[in-house]
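Q: Show me the folded form of this:
(chains A, B, C and D)
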Protein chains: 4
Amino acid sequence: MIYFNCDYNEGAHPRILQKLTETNFEQTPGYSEDSYCREAADLIRNLCACSDAAVHFLVGGTQANLIVISSALRPYQGVLCADTGHIHVHETGAVEATGHKVLALPSHDGKISAEQILHAYQEQADNDSFEHIVQPKMVYISNPTELGTLYTKEELESIHSVCQKCGLYLFLDGARLSYGLSARGNTLTLPDLAALCDVFYLGGTKCGALFGEAVVITNGSLQKDFRYMIKQKGGMLAKGRLLGIQFLELLRDNMELYLSLATHADRLADQIREALHQKGYRDFVENTTNQIFVILPDEAIAILSENFSVTYQCRVDAAHSAIRICTSWATRQEDVDALIHAINTLPY
Amino acid sequence: MIYFNCDYNEGAHPRILQKLTETNFEQTPGYSEDSYCREAADLIRNLCACSDAAVHFLVGGTQANLIVISSALRPYQGVLCADTGHIHVHETGAVEATGHKVLALPSHDGKISAEQILHAYQEQADNDSFEHIVQPKMVYISNPTELGTLYTKEELESIHSVCQKCGLYLFLDGARLSYGLSARGNTLTLPDLAALCDVFYLGGTKCGALFGEAVVITNGSLQKDFRYMIKQKGGMLAKGRLLGIQFLELLRDNMELYLSLATHADRLADQIREALHQKGYRDFVENTTNQIFVILPDEAIAILSENFSVTYQCRVDAAHSAIRICTSWATRQEDVDALIHAINTLPY
Amino acid sequence: MIYFNCDYNEGAHPRILQKLTETNFEQTPGYSEDSYCREAADLIRNLCACSDAAVHFLVGGTQANLIVISSALRPYQGVLCADTGHIHVHETGAVEATGHKVLALPSHDGKISAEQILHAYQEQADNDSFEHIVQPKMVYISNPTELGTLYTKEELESIHSVCQKCGLYLFLDGARLSYGLSARGNTLTLPDLAALCDVFYLGGTKCGALFGEAVVITNGSLQKDFRYMIKQKGGMLAKGRLLGIQFLELLRDNMELYLSLATHADRLADQIREALHQKGYRDFVENTTNQIFVILPDEAIAILSENFSVTYQCRVDAAHSAIRICTSWATRQEDVDALIHAINTLPY
Amino acid sequence: MIYFNCDYNEGAHPRILQKLTETNFEQTPGYSEDSYCREAADLIRNLCACSDAAVHFLVGGTQANLIVISSALRPYQGVLCADTGHIHVHETGAVEATGHKVLALPSHDGKISAEQILHAYQEQADNDSFEHIVQPKMVYISNPTELGTLYTKEELESIHSVCQKCGLYLFLDGARLSYGLSARGNTLTLPDLAALCDVFYLGGTKCGALFGEAVVITNGSLQKDFRYMIKQKGGMLAKGRLLGIQFLELLRDNMELYLSLATHADRLADQIREALHQKGYRDFVENTTNQIFVILPDEAIAILSENFSVTYQCRVDAAHSAIRICTSWATRQEDVDALIHAINTLPY
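A: Predicted coordinates for the structure are as follows:
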């Protein structure tokens, strides 16, 4: 079985493991108060061109989402997001467990628009019973989205502009950020994200690290006492340096490792995409990142699944379903070649 | 200004106030451990033909909803409801504030079907990532619904049956229950509700009392330690007898006062409904209870609003909107006559 | 059986019921947005000499405590209080259920000192692991305390001063406030409370009303969006005017009814106190309000309990226990006379 | 500076890193559903002689504590623990943030007794107002405790017995468990813990792993749906195998690595202890594990701190304070020798 089902099947890039091994016997303070975390935070501030950002390192994405959101909101405030958003559908109610409602907006491609956000805001604010309705206070988007799509710089600027106008915080989940930064057609840079978002994170877990997400808080009013929140929610890693060391290695030399690994995955995804298109299959959602969402005849999915692990997405019609095929920093060209070969021989 | 905007503009039926006055100087234990509450609970058990139900008296509906739901669910479990459900849209996230996700299902008339519930249950249970998705464990319905519609006995039996099959608790919000019990075409009785629901409540606040909701828990596994939950959520009234006394008066003699007040309101609503229909106005949602949802030209709404307070519901098209007109136990025939007269002279 | 076990055995003062009856059929907006609540709020601002205070009316004390505290604190912040504090020992963890730790300080008489507060604050602030420890951010005191004692103006000024220095909010639970305002030796006025506390409330439930607590928020930074919190926690009474009407009647004419009822109770308590002292019994805690805490031989308690309901407080030694004897606005002189007669004939 | 301030200054034992490197490119399912986690769970069940235990792997101790406790308790239930307990004083209110009160019992050596537990249980259960008081439902103990002390088998049996009698769950925090298992005078084995506790964990973070705690749930009623809780609280590691691989290596061959590392640390602690005692210093708390709590003259502490990092515990008298000196699996003999040399030359 060859795995194309997700982007976290392997451990970490060998350079990451090597750094952990090299530094293993150093004695450092715990809880990310070591020099590696400090250096990694400085590096991220530089890459973001945002010298007064606060940077915190967390172990995983759900943890990052629930800590950021519950830290920013007062009890009666909620977070707007696409109805495909990870926090809405795939985190076992982690945000609600901190007391906050997720306010889902309809989405077909994983994205939401500035107009949707403005409308949702006004609907509550203008309602006679506004105090009886959860107050939207934050917008959660992911980039790439859960469907692999990307926001353009223009779209993010519009969202930012609406958020400023409405007093909403903008939070961008970058669990797969590197695959977006490296994708064909991407127009967003780290300094753009830092300028347009109040808080966002650079994913490590799915992008070459063993684990880790680097949360960047650019809005000063969200920075205070964030470490208390991390500790309270069980997110403060005793040997916090493990996070700093990994991000230092991924991001040094202008994100050399971080971007080259993502470029690799995106390029391999393009090869697979082309094979699927040549075969005549339609995309379920078009995108240019490492997740391919494609519609296949059920019969073809059955055949493919004999040798390749892919993810079932949803039924499309009586005879077709959508699946997700995922490459990663660790995907081998030979496995992609085998997959393409298999695609070429599928029944249409 | 004559008020048709809601059913809680006045105090209580005079018989309620009289009973509170008569009993005022009696000394009783607090926290609903008095004989009035005991008698009222016995009476409700009798009316429900359910001798082992637990009955608790709470002050208001949001309080009842949040206490019942948070008492029944484990932290990772959620509650299914219509997307028009009060807990989803009109309680400032009270349920989420106790840690639980509200799982909204699309509804056009305020009701959800057994099929929708089954589908939602299976979607989570059959998902490969089921542990990453909130587990549906309770179904919340209201009857009458927020749009004044009623479940038939057959519909409730189907929902009950699906709930049994899927291990879901069925919770019925009866904030306006009397207006349903008294409505044309109603097929549900208290013993039906007791037989088909795990927990439900009889509303007092909107049905003739100063305040109060009587929660009936028929499922033995939901009865344990419920009073701890009431106390913790701030719902334990020091002078709990105020609730028992009111429900005793409303419900004695086979619910004589409770039903006669609701019949009065439903009948007056029918008079208004008929006037609206004769004028040619269409219902936004058809129902037979004390809430009328009707579509009017914006111009007509403006004229009507000069002398009558009604509730804006939503825009329907460029020139029409839906409004809610509400009668209650306290509505006077003369005010209905005035409203009907005004309707008759509206521009169509 | 004559009840001296608590101060909420009866309904309300007849003038309260009369006002509710008089206004019963008026149509008013719900949720405390009526003119009675507005007038009552204005009256309270005047009585407090605090024109920019926000005033909100809630049904009960636990509700008031949990809403005020959870509205004021960020998730990692806690509230300091006496280990006898109602929120610590008698509210089924209502505050913790909103996510906040109650930080208990030792107390023998129900009070805590400015020094204790300062010490607790510094212990956390100066700790190397401060982020691993709940951050104290609010001080909760009750006046009269759960043991009937009163803070002096000097003590409250000291506490206020420490709170200002440490950035702590000062919250005073006034569930029995009138019995304090009317007590021998009291040195605190409503304007004092408004000047020294960030938020406090005037109790109605135990002081002559059917129910109700009037929350006064003097600190502007705690005022924003408080009504969202009330709604979310199930505390927003549909017919909110019931609260406004009651407080208007209690507090008009310079708190005439509120204070005269409390004076009555305090005076009767003094009569009982004197009989106990003449008999040679020692106070468990000395105070001048409507709750008497006295140490009696177990045998005497047994005899007394045959005709009088009192509250067991705790064991003092092998042969003695402390009990609470409580008068109220509704206590009758003839019942006090009977109690005193019984005391006089107890074995010593 | 040589660090004796805690037991998580370094990374992991080299054999751990080697295993992570060897398995790095294997493709496995995520979220601890891989074969390594399965094997590690089987191994732990064998070591515990408890074939029907559920075993889950989490990243850290605070995470483990908050997930276990919030999974076991209903909303109005609390957890008894020593007032020195980690969950009470050092986790930023993580347990309260899940809604549950920590019920602290006084302790001088980090331990609580069966008698204390029984008394606390009865105090609530027998109280007339029991529904107004948090219901104790779980006992949290740590072993070794936060003060390095150990429960004897007899003590744990007594606690177990009281818990059974009162219907309380017994939860043992084993963050430093290996240092207890290896200590002089220890009388507890893994099978004992499995037989006497409802749930406990074997710490990895402080005992040779990079990170990780292995939660063992022996009580079947606490096993259901535990993985939902892990996910919801942000504790489900994407590459869960990292945990399984580490515990497999630590625990294989009858816990060879796990115990040898702890034995090393305990033995070095004994060397330091002896030097302190010979110098005439008194223990703050006597124990036989890797944490030494000793009382030193302030002057001696100042001198020692120039070259050695130790932890300040508390002031003992005007001229003396208690400090903690901590060894670990990674402590070097030469650093211990240097410390002992420094101790020998301290002023007494």
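Q: Grab the nearest non-local neighbour of residue A:240.
A: Spatially, and ignoring its direct neighbours in sequence, residue A:240 is nearest to residue A:32 (3.0 Å; CB to CB, 6 or more residues apart in numbering or on different chains). Every C-beta, even on glycine, is put in place using the N, C-alpha and C of the backbone.
Q: quick one: that neighbour from residue B:128, how far?
A: Going from residue A:32 to residue B:128 by CB to CB, to the nearest Å gives 34 Å.
Q: Who has more neighbours out of these two?
A: Taking neighbours as other CB atoms under 10 Å in any protein chain shown, residue A:32 and residue B:128 compare with residue A:32 leading, 26 against 9.
Q: Restricting to C-alpha, output the helix or strand containing residue A:118 in CSV.
A: Assigned by DSSP states H and E, residue A:118 falls within helix A:114-125. Extracted in CSV, the C-alpha atoms of helix A:114-125 (Å, rounded to 0.1, in the frame of the first residue of the first chain):
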residue,chain,number,x,y,z
ALA,A,114,-15.4,39.8,2.6
GLU,A,115,-19.0,40.2,1.6
GLN,A,116,-20.1,37.2,3.6
ILE,A,117,-18.3,38.4,6.6
LEU,A,118,-19.8,41.9,6.4
HIS,A,119,-23.2,40.5,6.0
ALA,A,120,-22.9,38.1,9.0
TYR,A,121,-21.6,41.0,11.1
GLN,A,122,-24.4,43.3,10.2
GLU,A,123,-27.1,40.7,10.6
GLN,A,124,-26.2,40.5,14.3
ALA,A,125,-25.3,44.1,14.9
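Q: Could you pull out the helices in the stretch 51-200 of chain A for me?
A: Assigned by DSSP state H, counting those that start in this stretch, the helices in the stretch 51-200 of chain A fall at A:61-72, A:86-89, A:94-97, A:114-125, A:153-166, A:177-181, A:190-196.
Q: Pull out the buried residues from the top helix by length along chain A.
A: Counting by DSSP state H, the longest helix found in chain A is helix A:241-279. Neighbour counts over helix A:241-279 (16 or more other CB atoms under 10 Å in any protein chain shown) mark A:241-251, A:255, A:257-259, A:261-270, A:272-273, A:275-276, A:279 as buried.
Q: so how far is residue A:100 from residue A:215?
A: Applying CB to CB to residue A:215 and residue A:100 gives a distance of 18 Å.
Q: typed the wrong thing, it's residue A:237
A: When residue A:237 is compared with residue A:100 (using CB to CB), they lie 24 Å apart.
Q: Is the residue nearest to residue A:240 part of a helix or strand, or is it coil?
A: Per DSSP: H, G, I helix; E, B strand; the rest coil, the local secondary structure of residue A:32 is coil.
Q: interface residues of the stretch 1-150 of chain A facing chain B?
A: A:75-76, A:78, A:89-93, A:96-102, A:128-129, A:131-134 (CB under 8 Å from any CB of the partner chain).
Q: Got a ChimeraX select line for the buried ones in those?
A: Those of the residues of the stretch 1-150 of chain A next to chain B that count as buried under 16+ other CB under 10 Å are selected in ChimeraX with:
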select /A:75,76,78,89,90,91,92,93,96,97,98,99,100,101,102,131,132,133,134
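Q: Run through the residues of the stretch 1-150 of chain A next to chain B and flag the ones next to chain D.
A: A:91-93, A:97-98.
Q: which two from those residues end up farthest apart in space?
A: Using CB to CB, those span at most 12.3 Å, a distance reached by A:92 and A:98.
Q: Please name the nearest non-neighbouring residue to the residue of chain A most remote from its centre.
A: Each residue of chain A has a distance to the centre, and by CA atoms, centre = their mean the biggest one is for residue A:128: 36.8 Å. Leaving aside its sequence neighbours, residue A:128 sits nearest to residue B:312 (CB to CB, 6+ apart; 7.4 Å).
Q: chain center to the helix or strand hosting the one you found, what's the gap?
A: Element membership for residue B:312 (DSSP H and E) is strand B:311-317. Chain-centre distance of strand B:311-317: 22 Å, with CA atoms, centre = their mean, to the nearest Å.
Q: what's the answer for stretch A:187-201, then?
A: 13 Å.
Q: how about that stretch: buried residues?
A: Residues A:188, A:190, A:192-194, A:196-201 are the ones in stretch A:187-201 that count as buried (16+ other CB under 10 Å).
Q: Cross-check the contact I'm expecting between residue A:200 and residue A:193.
A: Yes - with contacts counted by CB atoms under 8 Å, residue A:200 reaches residue A:193, the gap being 5.2 Å.
Q: Name the residues contacting each of those two.
A: A:172, A:174, A:216 (CB atoms under 8 Å, 6 or more residues apart in numbering or on different chains).
Q: Quick check: phi and psi on residue A:302?
A: Dihedral pair for residue A:302: phi -60, psi -40, per degrees, to the nearest 10.
Q: any idea how far it lies from residue A:3?
A: Taken as CB to CB, the span from residue A:302 to residue A:3 is 18 Å.
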